[in-house]
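In: quick check, what structure comes out for this input:
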Amino acid sequence: MRRFDLVVIGAGPAGMAAATLAEKNGASVALLDEQPRLGGQIYRNITDTTVKLMDILGSDYAAGKRLTEEFSAGKITHISLATVWDVTPDGCVTFTVNGLVDRVEGRFLLLATGALERPVPVPGWTLPGVMTAGAAQILMKSSGIVSTRAVLAGSGPLIYLVAAQMIAAGAPPLAIVETQTRQNHIRSLRHLGGAIRGHNVIFKGISLLRALRRAGVKRYTSVEMIEVLGEAQVNGIRVTRSGHSEDISCDTVFLHQGVVPNTQISRALRLDHAWSEVQRCFRPVTDQWGRTENEQIFIAGDGAGIGGAKAAELAGNLSAIEILYLLGRLDEKSRDKLARPVFKAIGKEQAIRPFLDTLYSVPDFCARPADPVLICRCEEVTAGDIRKLAKLGCTGPNQTKAFGRSGMGPCQGRYCGITVTEILAQENGAKPEQIGSYRIRMPVKPVTLGEVASSATIKQN
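Out: Just a heads-up that it's a prediction; the model follows:
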C-alpha cells in the first residue's frame, strides 16, 4: 500500500488547487478521481477542449486551463478512473480502477468531492428526454453535443449560463421557465450589500440576460408549478403562473434547482453535518481551514458548502496551507502570511452567496412534491408513500428504508435523501435537522464480491 502526506479525492478546482500547493511545498500527494481527465464537473474535459468549444463555454470555463497546467507541472500521483468505495477515519482509501482494487493511505485526507445537482421531482421528471442543466453542460463539454428544441426550467444562475452557451453553439433553447418569484426578489434585497461586493457576478448575469433577449428566448417568470408532458418520452412542459397553465412543445427538458454538497463519504465517516436553511441541504461542519472534527480529514470546495468554482479553488488552497503547517512544512508565521490574502479573496467570493441563495431559493413544490410524484427512482417510491410511512410512525429517513425501501437503490439515497428529509419534517412538524438524513455506510459505491475479496488481500499485505 502506497503512503502519502496527503490524499485528495476529487479533481475539481478544490482538489487540484490543494494538491498543487501541497506538492509545491514538499508534500507527497496522491489525487484520485473518477473521471479520465482533470477538471471535475465544472472544468470537465478542459484539457482536451477545442478552441471553438472553449469560446462557446466561455471565460469562466477557460479558467480551469490554468489549474490543470499548474497541477500537471508538479509530481503529483494522479490516479484517474478511480472509483473510491471505502474510506477509513485514519486516511486509508480503497478504490477500483478498471476492475483492479488498490489502496492508498494519507497522513491527511482531503475530500474535494464537489456537488450534486439537486433533484427536481415534478410530475413527469422521470420521462426520457428529461435531464438536468448540468447534463446539458456535460454533453457540450464531453462531446460537443447541443440539444435542440429544449426548454430550461427551474431556478439559479446556471440556467442562464447554459442557455447562453446553447445560443453561442447555434441551438438556443425554446424557452426558459423560472420559478423564483417577486417575494424572492424582495427577500434578497436585505443581502444587497453582499451583492454589491460581488458585483462582477451581477454584471455577468446581466450580460447573460442580454444574450437571451438578443436571441429572442422567451422567459416564463414567477412560475408556480411545472409538469413535464409525454408518455413514452417528453413532448412538452406545462407551466402554471397566477393560476393559469400554458403548454410549451419541446423534445428535451433540462431541470435545475441549484446544487447541493456531495456528502456520501463524509456521512459514511460519521462526520458532523448541519442543515443550511437558506440552501435547504445538509453540509459538513468544518472550521475556516476545512478541517472536520477528525483532525486528519479536511473537506474543501462545494462538498463543504456551495460557493462556486473560484471559492472552491481558494478553499482548496486554505486546506493545503493548514495541512502543510500540520506536516511541519510551514511555521505558523508563514502559514498566516500565505493564508491572509486567500481569506480575503474567499470572503469577497462568498459575499454574494446569501443574495443568490435567497433569490434562487428552492420552491416548496420541488422540495416537498405532491403525492403522485416519484422521488426515489431506484425503488419507485412516491412522495405519497413517504407521507403514508410518516403516518405509520416513521420519524427519520433510515426508518423509511425498512418500511418502504427508499434510499436502498444503487444511488444509496444521493438523489432522494433531501426530499425524504423535507417531507418527513413537514409531516412530523419538525425541522429538517431534527429529522436527519440517511445513514450512509461503506462501500459508498457498488462493488463486486471479487473487489471486496481483493481488498482483503491488499490489507493482509
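In: when you work out contacts or count neighbours from here on, use the C-alpha atoms and nothing else.
Out: Fine.
In: show me where the stretch 251-400 of the chain has its helices.
Out: Remark: helices assigned in the stretch 251-400 of the chain by DSSP state H, counting those that start in this stretch are 264-268, 309-326, 332-350, 353-359, 364-367, 383-391, 397-404.
In: for those, give me a markdown table that also has mean pLDDT.
Out: Formatted as a markdown table, the helices of the stretch 251-400 of the chain follow (pLDDT from 0 to 100):
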| stretch | mean pLDDT |
| --- | --- |
| helix 264-268 | 96 |
| helix 309-326 | 97 |
| helix 332-350 | 95 |
| helix 353-359 | 93 |
| helix 364-367 | 94 |
| helix 383-391 | 96 |
| helix 397-404 | 92 |
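In: just the ones you listed: most buried one?
Out: helix 309-326 (a mean of 25; mean count of other Cα atoms under 10 Å).
In: how far does it sit from the chain's center?
Out: Distance, stretch centre to chain centre, for helix 309-326: 19 Å (Cα atoms, centre = their mean, to the nearest Å).
In: next: stretch 94-108.
Out: 23 Å.
In: return the set of buried residues in that stretch.
Out: Residues 94-96, 101-108 are the ones in stretch 94-108 that count as buried (16 or more other Cα atoms under 10 Å).
In: repeat for stretch 130-146
Out: Those would be 130-134, 136-138, 140-141, 146, for stretch 130-146 by 16+ other Cα under 10 Å.
In: report the distance from that stretch to the chain centre.
Out: 15 Å.
In: next: stretch 193-209.
Out: Here stretch 193-209 is found 22 Å from its chain centre; the criterion is Cα atoms, centre = their mean.
In: please apply the same query to stretch 233-248.
Out: On Cα atoms, centre = their mean, the centre of stretch 233-248 falls 28 Å from the chain's centre.
In: one step back: got CSV for the helices of the stretch 251-400 of the chain, with distance to residue 283 too?
Out: Listed next are the helices of the stretch 251-400 of the chain as CSV, based on distance: least, Cα to Cα, whole Å:
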stretch, distance to residue 283
helix 264-268, 9
helix 309-326, 14
helix 332-350, 16
helix 353-359, 15
helix 364-367, 17
helix 383-391, 23
helix 397-404, 17
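In: quick one: closest of these to residue 290.
Out: helix 309-326 (5.7 Å; Cα to Cα).
In: check which helices and strands the closest one is in contact with.
Out: Contact analysis of helix 309-326 by 3 or more Cα pairs under 8 Å, 6 or more residues apart in numbering; DSSP states H and E lists helix 13-24, helix 332-350 as its packing neighbours.
In: contacts for it, please.
Out: Helix 309-326 is contacted from outside by 13-19, 21-22, 25, 27, 42, 108, 110, 112, 289-291, 298-302, 330-332, 335, 338-339, 342-343, 345-346, 349-350, using Cα atoms under 8 Å, 6 or more residues apart in numbering.
In: ditto for stretch 57-64
Out: By Cα under 8 Å, 6+ apart, the list of residues contacting stretch 57-64 reads 13, 39, 42-43, 46, 54, 141, 165.
In: please redo it, this time with the cut-off set to 7 Å
Out: Here stretch 57-64 makes contact (Cα atoms under 7 Å, 6 or more residues apart in numbering) with 39, 43, 46, 54, 165.
In: what about the first one, which SS state?
Out: Which is residue 39. What DSSP: H, G, I helix; E, B strand; the rest coil gives for residue 39 is coil.
In: tell me how far it lies from residue 80.
Out: With distances taken as Cα to Cα, to the nearest Å, residue 39 is found 11 Å from residue 80.
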